[in-house]
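A.B. asks: Need the 3D shape of this:
(one chain, ligands or ions: 1)
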Amino acid sequence: MTRLIFLGAPGAGKGTQAKTLADLCEIPHISTGDILRNEVTQGTTLGIKAKSYQEGGELVPDHLILDMMRERLSQPDTKDGWILDGFPRNVTQAGFLDDLLKELEQKCDRVVNLDVPDEELVSRLLGRGRPDDTEEVIRRRLEVYREQTAPLIDYYRDRHQLVSIAGSRSMGEVTAAIQKAIDL
Ligand code: ADP
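C.D. replies: The predicted model follows:
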């Protein structure tokens, strides 16, 4: 049973690593960014509401994300474990997750923080080519990360759940470092 939260700036490689580890552990990779992009493509009510925020690099309002995650974490496949990628993204969401996990009688094992220097983040994101990866939107996403998401590093460090991993290495090296750190 493995339950992990992945933290990291946009471009830190958290999506790739979260997916790789989820496949290795045969547990769901729950990416809020992927879920939201899918809702936008499908033109659902949630997608219509989320679109402008996502395209501008802003956080989608908490109440939309909270409902979405309550629903997702209540699905039967989460009983075997999960990796959360992109959630929580601010302190309000982290508090909600604490309450939700208590209610669902689940416990997060570790919070994996991928650490990558700023200069490298921008060049990686520009090379990625997702529709919300224009230079202006990237700049805004990094700002939002620093203001709202980075405080979660201290939040989880204070609770002794944090593992920080240097992310400026090859994909395979980062995966191996995470596996070693979380003892999988
Ligand atoms: P990245 O980490 O590279 O910025 P993501 O795919 O995780 O990319 O997220 C893309 C966008 O989706 C964010 O900029 C934001 O608009 C939205 N989003 C994803 N997760 C959340 C969340 N937990 N709360 C609010 N907005 C979110």
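A.B. asks: closest point of this protein to the ligand, which residue?
C.D. replies: residue 33 (1.8 Å; Cβ to the nearest ligand atom). From N, CA and C alone the C-beta is placed, and that goes for glycine too.
A.B. asks: what is the rounded mean pLDDT of whatever helix or strand residue 82 lives in?
C.D. replies: Element membership for residue 82, per DSSP states H and E: strand 81-85. For strand 81-85, the mean per-residue pLDDT is 98.
A.B. asks: got a list of contacts for it?
C.D. replies: 1-6, 14-15, 18-19, 21-22, 25, 27-34, 73, 97, 108 (Cβ atoms under 8 Å, 6 or more residues apart in numbering).
A.B. asks: For the next helix-or-strand element following it, name the packing helices and strands.
C.D. replies: Using DSSP H and E, the helix or strand that follows strand 81-85 in sequence is helix 91-104. If you count contacts as 3 or more Cβ pairs under 8 Å, 6 or more residues apart in numbering; DSSP states H and E, helix 91-104 packs onto helix 62-73, helix 151-158.
A.B. asks: re earlier: count of neighbours near the residue of the chain closest to the ligand?
C.D. replies: 18 (other Cβ atoms under 10 Å).
A.B. asks: what's the distance between the residue positioned nearest the centre of the chain and residue 92?
C.D. replies: Against the mean C-alpha coordinate of the chain, by Cα atoms, centre = their mean, the closest residue is residue 86 at 2.0 Å. In this view, residue 86 and residue 92 are 15 Å apart by Cβ to Cβ, to the nearest Å.
A.B. asks: For this protein, what lies in contact range of the ligand?
C.D. replies: Proximity of the chain to the ligand (Cβ under 6 Å from any ligand atom) is limited to residues 10, 32-33, 36, 53-54, 57-60, 65, 86-87, 89, 93, 141.
A.B. asks: In strands only, show me the contacts of strand 81-85.
C.D. replies: 2, 3, 4, 5, 6, 29, 30, 31 (DSSP state E).
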